[in-house]
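Asks: Below are the sequence and a predicted model; questions follow.
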Amino acid sequence: MRASFRRSLLAFLLIMLVSLPRPALAWGNTGHEAIAYLAWQQMTPATKKRVMALLQQVPPITTATATIPGYAIWVSQLPTGLTADQKNRYLFMRAATWADSLKHEGLVDSDTPPPGVTVDVHLGFSDPQSHGYWHFIDTAFSDDGGAVPATPVPNAVTQILALREFIASTEDDLLKAYDLAWLEHLVGDIHQPLHASVRYNAGSGDLGGNDVKIKLTAAQKLKFECSPSTFAPTELHAFWDDLPGSCSAQNGLKPGAAFAVRLPHLLTKGDARLADTDPASWAADSLAVAEKDAYAAPIGTGIKPTDGTSSYAITTAYYAGSLADAKDRVALAGARLAKLLNENLK
């Protein structure tokens, strides 16, 4: 039975969890929109048609503090002058940010899996939970050889595995629409290196880089899509989230599409990574990028620099390397999302 499978899949004991929550956004709206844009280009006509039929099922969700937009509101906000395919692509891009729009909007927030609670894979659009802990996988590593906790579950990997199976099933379309919206987002999340890692030093974790303070020069801030007067990341996690830009959609498909159109050349059909369909492997790759590049110099081993300053100064070389990683991860996420939907969505 479907329900028993869900429960058996995710009825894990929650062990050695970190005690503090962590923000669960990844890539910002621009990055998720870019991933969806790239995926759309690589989806088959049949997959696109099925995706749009399901997205029409996404309702607005009214909470005590806000109305979270659904399909009808997305349609009402379509830019003018788009072709039919461009409209559908725009709506698919909007759906990629839906899971983040649930955060802190009157639903029950939790970035740490509740102790002792067995979490179902999904409950549908009436679900009062925001499920922040679905957005990442806290695989711990230590740069001083110290002990690290086990990886908490549920996490992005367990969710993608389950949701992928469910969109290939015969479940009703309303549930499948919920699964699709989450799946579109989580495939993007798991390719952000700091959504697949948490670094430990002297026995303390850094919440996926959220506790690591950084500072940018004025020139570096200008490289982001947003004005430096409104955007200046001050911690490592936010810096990586917003490498593709931190703005919401503007002027039609910008900035997600503007970022995306520069990326397809980074991947070819012969790229061996495209044959990898294992979300656990995707997460391991993101962890490797985090260890090698996200925590490279000038980022030191501690939460703060040892020279008495409060934050690490981002260098031009670090910025350039991080941006190159972000472009590669976003392009790879788009290709993998398309492949996953083409091969599994029924």
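Replies: In hand now; what should we look at? Numbers count the residues shown, from 1 in each chain.
Asks: Name the helix or strand for Leu183, please.
Replies: In this assignment (DSSP states H and E), Leu183 forms part of helix 173-189.
Asks: which residues of this structure fall in helices?
Replies: With DSSP state H as the criterion, the chain has helices at 2-10, 28-42, 45-55, 71-76, 84-95, 98-101, 156-167, 173-189, 218-221, 236-241, 256-260, 279-289, 316-344.
Asks: Identify the residue nearest Asn286 in space, chain neighbours excluded?
Replies: For residue 286 the amino acid is Ser, not Asn. Nearest residue to Ser286 in three dimensions, chain neighbours excluded: Ala196, at 3.6 Å (CB to CB, 6 or more residues apart in numbering). Every C-beta, even on glycine, is put in place using the N, C-alpha and C of the backbone.
Asks: can you pull the contacts of that neighbour?
Replies: Each residue near Ala196 by CB atoms under 8 Å, 6 or more residues apart in numbering is listed here: 136-137, 139, 156, 190, 283-284, 286-287, 290.
Asks: Of all the helices of the chain, which one is nearest Pro298?
Replies: Across the helices of the chain, Pro298 has its closest neighbour in helix 316-344 (6.1 Å, CB to CB).
Asks: Run the chain-centre distance for the closest one.
Replies: Remark: helix 316-344 is offset 11 Å from the chain centroid, using CA atoms, centre = their mean, to the nearest Å.
Asks: Show me what it is packed up against.
Replies: Helices and strands touching helix 316-344, by 3 or more CB pairs under 8 Å, 6 or more residues apart in numbering; DSSP states H and E, are helix 28-42, helix 45-55, helix 156-167, helix 173-189, helix 236-241, helix 256-260, helix 279-289.
Asks: at 10 Å instead, please
Replies: Here helix 316-344 touches helix 28-42, helix 45-55, helix 156-167, helix 173-189, helix 218-221, helix 236-241, helix 256-260, helix 279-289, going by 3 or more CB pairs under 10 Å, 6 or more residues apart in numbering; DSSP states H and E.
Asks: Show the secondary-structure elements that the shortest one is packed against.
Replies: Okay, so that is helix 218-221. On a contact count with 3+ CB pairs under 10 Å, 6+ apart, helix 218-221 meets helix 316-344.
Asks: for the first one, same thing?
Replies: For helix 28-42, the helices and strands in contact under the criterion 3+ CB pairs under 10 Å, 6+ apart are helix 45-55, helix 84-95, helix 98-101, helix 173-189, helix 236-241, helix 256-260, helix 316-344.
Asks: between those, which one is nearest to Pro113?
Replies: Closest approach to Pro113 among those is made by helix 173-189 (15.1 Å; CB to CB).
Asks: In the chain, what helix or strand scores lowest on average pLDDT?
Replies: The least trusted helix or strand in the chain, going by mean pLDDT, DSSP states H and E, turns out to be helix 2-10, with a mean of 41.
Asks: follow-up on the earlier one: measure the residue nearest to Ser286 to Ser281 for me?
Replies: Distance of Ala196 to Ser281, computed by CB to CB, to the nearest Å: 11 Å.
Asks: Overlap of the contact sets of the two?
Replies: Residues touching both Ala196 and Ser281 (CB atoms under 10 Å, 6 or more residues apart in numbering): Val157.
Asks: Tell me, how many residues neighbour Gly245?
Replies: Counted with other CB atoms under 10 Å, the neighbours of Gly245 add up to 24.
Asks: do the same with Pro193
Replies: 28.
Asks: Quick check: nearest residue in space to it, chain neighbours excluded?
Replies: Closest to Pro193 by CB to CB, 6+ apart is Ala290, at 3.8 Å.
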